[in-house]
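[1] turn this into a structure:
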Amino acid sequence: MPLEIPPYIAKPVLCDAEMHGKWMQLDNAITQIYIQNPGNLSFQVLYTVCYTFIKERKGDYFYPKVEQALTKHAAALKCKVIETHDASFLSTLIETWEQQKRAVARIGDLLMYMDKNYSRQEQKRTVVEMGVYIFGEQVLRQPDVAGRMKKLVTTAVALERKGEKPPDRLLLKDLTKMACEVSRRSVYEPFLEAFYLESSKNYYSAEAQSLIDDSTTPTYLKKVFKRLEEETDRIERCLADSTLPKIEKVVKDRMIANYSNQLLQKEGSGVLSMLKDWRLHDLGLLYKALSLVGQSRPLLERISLFLIEHGSLVVQETQEGINPIAVIDEILVQRERYDELLDVACSNTDKAGIRSRDKDFERQIMHAFITIVNKNQRFPEYLSTALDAKLRKTGVTDDEYDSYFDKIIIVFQYLRDKDVFEKYYRNQLARRLLLSKSCTEGERAFISKLKTESGYQFTAKIEGMFKDMNISQSNIVCLKEYLNDKGIEPPVDLMVHVLTTGFWPFSSKSFSPVELPPAVEAMKNHYHSYYMNSHSGRRLTWLPHMGTADLRMNVNGKKYEVNVHTIQMAILMCFNEQDEVTIKDLVRLTKVTFSELKRHLLSLAMQTKIHGKILRMEGSSKDMNENTVISANPSFQSKRVKFKLNSLVLKETEDQAQETRSKVDDDRKWQLDAMIVRIMKSRKSIEHRNLIAEVIDLVQSRFQPSPDVIKKRIESLIERDYIERSNESRSKYVYLA
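    Numbering: from 1, shown residues only. You can find the predicted model right below:
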């Protein structure tokens, strides 16, 4: 039986009357949902209506109808809001928004098929998105609603800033949430945030102007930070988090940036007053405030200038002279104060609660300290003198030494002329070692820190000095064995320190000769014989001026033991044969110059708290001349049987200081020459500017030469045929092998 294909049966098309009827059915449902009476509605029936419209491709008819219905009901909600009094306006507005959300959510469920199969394809809003948008346009953006909303929010914030509690303050966060849900960009920001920020600008401008003249800088800043805390709290309670950086900027600009110069310069409470009184917490407030607005640079400059001016007064030479130890003690105190300044006033705290110094402030304050310690070219000498006094002091514990050395090394780091410090330190160390005036453990502890800071080459000669002292002790043991083998009875006990010329800062040219007593001279000759037999090819140059002697004195039957300088020993030994003698005869007997003899005679003729005068002289010490008669003091007395007679220590004269400086300059010339030759030997040829830079880099650990000084040394080496200028360029040098 053949199959027959039935004719195509067209599906019935919705006519206008049917579309209207179905829409009225759905429109009635939307109304029932808005009046909160959806009990009699059939979800299946209504969903089928929506399905039919979309399935029959009537979305262009159906979608606008839905939009019109939501707009109509939103307008009704607006009327309800407008009719309420101010006292309940915000609560009514928020309730209306909640009603709108519930309604469009239900309607969205009914029209889900339209959202999925029409709205998305046509790039139109879903029902929920449409409801939110319409509420914003028909309610929140309307002038009569937006105006009242702004007014009530402004009033609530104003009351809060006065310390009062507005009745609607708990609703502000809900209001913000509503505005953000509707549209952050078109509702919250232009209608709430913008108005809030503008009113805040006016408020804080007025408040800053009223406070700045009548408040001290710290009081004003405390008020500013309190306002910032209040705004942070207000944002958390009332507004969106995105508003926080904007309102903070308003407070910072109006209350800090606009008055930064006045805060810095305020009479009696500005930055200078804080620094003079050392009010670091107040200074920290100022630093924190100016950092918030990126205007901390003027503060940094004022702090740096103050520190340099104040510190320069400490190291400045005065007509009354200067006390090196007091200067260094004050500088060490200042250095600790600078650390305190950075830690307390110029530090920031990260999110983990860890404080760290402001790097720019740390760099600038350290630059100020460098400027201070290098302001006086004699500062390296003062630093060495203070260290010398500490190392001579008795009763100092290891911990005290360690703490003090750390402070000295910190200051040493900032010296530009480290070689000058080394020069004075070696001179003073030599005297401490030879006079047994130092703490060996303390000395070695400092040298260890010095080596760590500046390297082995810096301390090589210093360590060589200690090595010589140890070898000298061994030599004395060997001397006694040598004399015993020879059957020689030592006339006196003699301790000889053999000093390597390159290590020790002494020269035989610096001292005048002295005639030693016969017993001492004999013992000296014995040592010379022993040493020459033990060490061939060496030469001994004797420096008695650096020695001391222990003498026994018998005065009126009472015996004393006194430690004196070698020259003082030679003078006193002259009175074994005669009771009085002229200075002219003393010069002849001791071979000591008049000026040197005079200094030691003044020490012998001086009365102290411990002992009386050992010698007496005719007339005044000011009138001392070659014919002045010196005599032994028969009535000499001392509170101690053993005592030390100190020599008069003369301050370094300007000529002597200049001589020391000249020696340093000579040493620098040799070092610069050596560095230039080393570089040229390695490079073979090099440009002038590159040679200057490399030389400075190599020697800056000891001193910082100027380019002009280096240029002179280059010219000197050219004259001595170590290097020559290149034929290619006058600014290029070539090494001559």
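
[2] okay, CA-based contacts and neighbour counts for the rest of this
    Will do.

[3] which of the residues in the helix or strand of the chain with the lowest mean pLDDT are buried?
    None of the helices or strands of the chain scores lower by mean pLDDT, DSSP states H and E than helix 654-683, at a mean of 80. Buried positions in helix 654-683, judged by neighbour count with 16 or more other Cα atoms under 10 Å: 660-661, 664, 668-669, 672-673, 675-677, 679-681.

[4] neighbouring strands for the helix or strand following that helix, and are they parallel or not?
    Using DSSP states H and E, the helix or strand that follows helix 654-683 in sequence is strand 685-687. Paired strands of strand 685-687, with direction, are strand 732-735 (antiparallel) (DSSP bridges).

[5] check the average confidence over the partner strand, would you?
    For strand 732-735, the mean per-residue pLDDT is 87.

[6] now for the buried residues of helix 654-683: which two are most distant?
    Spatial extent of these (Cα to Cα) is set by the pair 660 and 681 at 31.7 Å.

[7] residue ranges with poor pLDDT in the stretch 451-600 of the chain?
    508-512 (pLDDT under 70).

[8] can you show me the strands along it?
    Taking DSSP state E, counting those that start in this stretch as the criterion, the stretch 451-600 of the chain contains strands spanning 548-555, 558-565, 580-582.

[9] quick one, strands of this structure?
    Taking DSSP state E as the criterion, the chain carries its strands at 347-349, 355-357, 548-555, 558-565, 580-582, 615-617, 629-632, 642-644, 685-687, 723-725, 732-735.

[10] mind putting those into CSV with distance to residue 15 and mean neighbour count?
    Conversion of the strands of the chain to CSV gives the following (distance: least, Cα to Cα, whole Å; neighbours: other Cα atoms under 10 Å):
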stretch, distance to residue 15, mean neighbour count
strand 347-349, 74, 16
strand 355-357, 78, 15
strand 548-555, 133, 15
strand 558-565, 134, 16
strand 580-582, 150, 17
strand 615-617, 144, 21
strand 629-632, 148, 19
strand 642-644, 132, 15
strand 685-687, 98, 18
strand 723-725, 107, 20
strand 732-735, 101, 20
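
[11] let's have those strands in a markdown table, adding distance to residue 38.
    Shown next, in a markdown table, are the strands of the chain (distance: least, Cα to Cα, whole Å):
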| stretch | distance to residue 38 |
| --- | --- |
| strand 347-349 | 58 |
| strand 355-357 | 62 |
| strand 548-555 | 118 |
| strand 558-565 | 119 |
| strand 580-582 | 136 |
| strand 615-617 | 128 |
| strand 629-632 | 132 |
| strand 642-644 | 116 |
| strand 685-687 | 95 |
| strand 723-725 | 104 |
| strand 732-735 | 98 |
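
[12] quick one: which of those strands is nearest residue 444?
    strand 548-555 (24.0 Å).

[13] so which other helices or strands are in contact with the least confident helix or strand of the chain?
    helix 418-434, helix 688-699, helix 707-719, strand 732-735 (3 or more Cα pairs under 8 Å, 6 or more residues apart in numbering; DSSP states H and E).

[14] what about 6 Å?
    Helix 654-683 sits against no helix or strand, with contacts defined as 3 or more Cα pairs under 6 Å, 6 or more residues apart in numbering; DSSP states H and E.

[15] low-scoring stretches of the chain, by residue?
    1-14, 167-169, 318-320, 508-512, 647-659, 737.

[16] and the spatially most central residue of it, how far from residue 334?
    Geometric centre of the chain, nearest residue: residue 362, 2.9 Å, by Cα atoms, centre = their mean. For residue 362, the distance to residue 334 equals 15 Å [Cα to Cα, to the nearest Å].

[17] over to residue 356?
    In terms of Cα to Cα, residue 356 sits 21 Å off from residue 334.

[18] how deep is residue 376 tucked in, by neighbour count?
    Residue 376 has 15 neighbouring residues, counting by other Cα atoms under 10 Å.

[19] check contacts around it.
    Residues near residue 376 by Cα atoms under 6 Å, 6 or more residues apart in numbering: none.

[20] a markdown table for the buried residues of helix 654-683, including distance to residue 410?
    Compiled in a markdown table, those are given as follows (distance: Cα to Cα, whole Å):
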| residue | distance to residue 410 |
| --- | --- |
| 660 | 24 |
| 661 | 24 |
| 664 | 23 |
| 668 | 24 |
| 669 | 27 |
| 672 | 26 |
| 673 | 30 |
| 675 | 27 |
| 676 | 30 |
| 677 | 33 |
| 679 | 31 |
| 680 | 34 |
| 681 | 36 |
